[in-house]
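>>> here is a sequence together with a model predicted from it:
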Amino acid sequence: PTGAVPTARGVARRALRGSWPLAAGAVVLAVLGAGVLLVSGGAWGVTSAFALWGSELVGALGGQPENWSFWQQPGNADMLAGSVLADKNSLTDIGIMVGAAVAASLGGTWALHRGVPWRTGVAAVLGGVLMGIGARLAGGCNIGAYLAGIASGSLHGWIWGLTALLGTYAGLRLRPLFGLANPKPSDGVC
């Protein structure tokens with residue numbers, strides 16, 4: 001359970017310190033998505049950058065990811081051969097991380113968590129790996145496959161959303177195996 005997010009009064013102050021109304025968040029996401037499309041010429045994406053980062057790490061450790069079939073495809077080969085900082089999804093991901101840190105700091109919710117129970121850590125790592133695998137198999141995550149898919153009128157975005165609901169249901173049923181309680185509506189604020 002979490003306490004109420006510290007919030008300021010007034011629209012301008014609340015934008016910097018406190019939780020945003022759902023409609024404001026939706027408008028900001030739409031504007032950011034349109035901005036990425038206008039600047040880069042492509043839909044907003046997230047997870048392909050992680051494949052690039054991991055492959056760059058494998059290459060730095062002596063591996064040869066350029067020989068993998070994924071990186072031999074023309075667009076992907078160019079991405080691997082170029083700088084990580086030239087990749088639009090890498091720049092977007094870095095911006096998301098910096099933006100989240102700034103928002104958490106301004107909102108008064110920045111915290112380093114120490115002493116995470118081992119079962120919680122295992123659940124987090126396992127969940128992250130499964131989400132990463134699923135995102136690569138689905139051609140993207142909730143941004144690139146779902147949000148951009150629906151925004152472009154593609155059926156795959158709606159299919160992604162339905163399967164995400166099924167995955168959420170399964171995940172909620174598995175939480176007790178890792179000593180995690182399922183959240184209740186009264187546990188926190190959005």
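Looks like it came in fine. Numbers count the residues shown, from 1 in each chain.
>>> just give me the residue right at the centre of this structure.
Central residue of the chain (Cα atoms, centre = their mean): residue 46, 6.5 Å from the mean position.
>>> so it touches residue 93, yeah?
Yes: using Cβ atoms under 8 Å, residue 46 is in contact with residue 93, at 5.9 Å. Every residue, glycine included, has its C-beta placed from N, CA and C.
>>> for the residue nearest to the centre of the chain, give me the pLDDT.
What the model reports as pLDDT for residue 46 is 85.
>>> show me the contacts for it.
Contact analysis of residue 46 by Cβ atoms under 8 Å, 6 or more residues apart in numbering lists 89, 92, 93, 96, 135, 140, 141, 143, 144.
>>> can you redo the residues you listed as CSV with neighbour count?
CSV is the format used below for these (neighbours: other Cβ atoms under 10 Å):
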residue, neighbour count
89, 25
92, 20
93, 20
96, 13
135, 22
140, 24
141, 22
143, 22
144, 23
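>>> nearest to residue 13 among those residues?
In terms of Cβ to Cβ, no member of these lies closer to residue 13 than residue 96, at 23.5 Å.
>>> which secondary structure element contains that closest one?
Using DSSP states H and E, residue 96 falls within helix 88-107.
>>> next secondary structure after that helix?
Note on helix 88-107: by DSSP H and E, the next helix or strand toward the C-terminus is helix 118-138.
>>> any residues touching whatever helix or strand comes next after that next one, and which ones?
Later in the chain than helix 118-138, the nearest helix or strand by DSSP H and E is helix 148-151. By Cβ under 8 Å, 6+ apart, the residues outside helix 148-151 that reach it are 33, 43, 44, 45, 140, 156, 157, 158, 160, 161.
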